[in-house]
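>>> Below: sequence and its predicted model.
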Amino acid sequence: MYLLPMPRVDLLALLPQQGVIAEIGVWRGDFSREIFKKNKPSKFHLIDPWRFIDRDDYRDDPTNSQNKEHEENYQLVKRAFRRHEKKGRAVLHRELSTEAAPQFPDNYFDWIYLDGMHTYEAVKEDLRAFAPKLKNDGLILGHDYTNQKKVQELQFGVVDAVNEFVAEEGYDFFALTTEDYPTYVLVKDAHAENAKSLINKLVRNVRPIIEIRDYPERPFQHKQFEYVDHRNRTKVRLIPSF
Ligand SMILES: C[S@@+](CC[C@H](N)C(=O)[O-])C[C@H]1O[C@@H](n2cnc3c(N)ncnc32)[C@H](O)[C@@H]1O
């Protein structure tokens with residue numbers, strides 16, 4: 001696995017261009033707009049129920065907005081993508097990922113970005129539902145690969161769900177950004193065209209790249225270090241530990 005000291009928005013420019021893409025979990029569409037600008041998809045599917053989900057393990061997630069705010073978010077995204085919808089390059093799906101997934105043909109997406117519900121079960125369900133919908137050399141990306149204290153309190157299970165999926169389905173854990181809320185990249189075959197093209201672009205554009213061999217055989221921990229800054233304030237830094 002390649003560890004990439006870059007933000008997820010910069011990674012976008014290195015991903016396949018003009019492809020068929022899905023973002024699962026859209027919220028206000030901030031990242032959707034970045035995807036559209038940087039990747040110029042031929043077809044972009046934006047999937048989100050844009051409604052409050054009343055579940056014990058999800059109720060406190062700050063992006064599980066109340067219905068009024070979700071309606072405003074939906075209208076915001078609708079306005080931002082109206083032009084692209086008219087041209088057939090964007091489709092808004094106001095439904096759960098598991099309702100949307102069966103509507104797509106197999107071998108359809110060039111890459112997907114998973115950022116919906118972050119519980120262990122939900123991430124596992126999304127990975128299983130969307131994996132067959134990817135082209136053979138397709139990429140699975142997703143947000144919030146972290147087990148820092150803050151997200152444990154919110155019952156996030158992204159790290160465990162992704163690691164299990166990789167082990168069970170034989171995927172390659174290809175890359176991870178080093179942000180506080182990292183983005184992961186999985187590929188079915190590290191020797192396939194899209195993966196080879198991505199590593200070429202990473203080598204040309206990103207410095208340094210660190211390889212963690214045999215990941216995820218050893219557990220990942222997003223370590224929290226407290227330190228005192230030059231103004232005597234206590235601060236926290238997250239350090240990825242393998
Ligand atoms: C973290 S936000 C997405 C943020 C967005 N990707 C970004 O980076 O700007 C999570 C979103 O996932 C949505 N969501 C929750 N459960 C979902 C599901 N099962 N399928 C699709 N979206 C879901 C929520 O409604 C919320 O808008």
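Noted; the coordinates are in hand. Keep in mind that what you see is a predicted model, and the values were worked out from it rather than measured. Residues are numbered from 1 along each chain as shown.

>>> so what's the most centrally placed residue in the chain up against?
In the chain, the centroid-proximal residue (C-alpha atoms, centre = their mean) is Gly142; its distance is 1.8 Å. Applying C-beta atoms under 8 Å, 6 or more residues apart in numbering, we find Gly142 in contact with Tyr113, Leu114, Asp115, Val123, Val158, Val162, Thr183, Tyr184. Heads up, the C-betas are built off the backbone N, CA and C, glycines and all.

>>> Break down this protein into its strands, ranges please.
For the chain, the strands defined by DSSP state E cover 2-4, 20-24, 43-47, 90-93, 109-114, 134-142, 172-177, 184-187, 210-211, 221-228, 234-241.

>>> Pull up the residues of this structure that are close to the ligand.
When proximity is defined as C-beta under 6 Å from any ligand atom, the chain approaches the ligand at 23-27, 30-31, 47-50, 53, 63, 96-97, 115-117.

>>> Can you tell me which helix or strand of the protein has the lowest average pLDDT?
helix 149-153 (a mean of 92; mean pLDDT, DSSP states H and E).

>>> Relative to the whole chain's centre, how far out is that helix?
Distance, stretch centre to chain centre, for helix 149-153: 18 Å (C-alpha atoms, centre = their mean, to the nearest Å).

>>> Please apply the same query to stretch 208-220.
For stretch 208-220 - counting by C-alpha atoms, centre = their mean - the centre lies 19 Å from the chain centre.

>>> was I right about Gln17 contacting Ser42?
No - Gln17 lies out of contact with Ser42 (C-beta atoms under 8 Å); the separation is 9.4 Å.

>>> hey, what's in contact with both of the two?
Going by C-beta under 8 Å, 6+ apart, no residue sits against Gln17 while also sitting against Ser42.

>>> Name the nearest residue to Phe156, ignoring sequence neighbours.
Spatially, and ignoring its direct neighbours in sequence, Phe156 is nearest to His118 (4.4 Å; C-beta to C-beta, 6 or more residues apart in numbering).

>>> again, but for Asp110
Using C-beta to C-beta, 6+ apart, the nearest residue to Asp110 is Gly19, at 3.0 Å.

>>> quick one: pLDDT of that neighbour?
Listed pLDDT for Gly19 reads 97.

>>> Quick one: residues contacting it.
Contacts of Gly19 (C-beta under 8 Å, 6+ apart): Asn39, Pro41, Ser42, Phe109, Asp110, Trp111.

>>> quick one: Ala90 from the ligand, how far?
Ala90 sits 15 Å away from the ligand, going by C-beta to the nearest ligand atom, to the nearest Å.

>>> Just give me the neighbour total for Ser65.
Around Ser65 there are 18 other residues, counting by other C-beta atoms under 10 Å.
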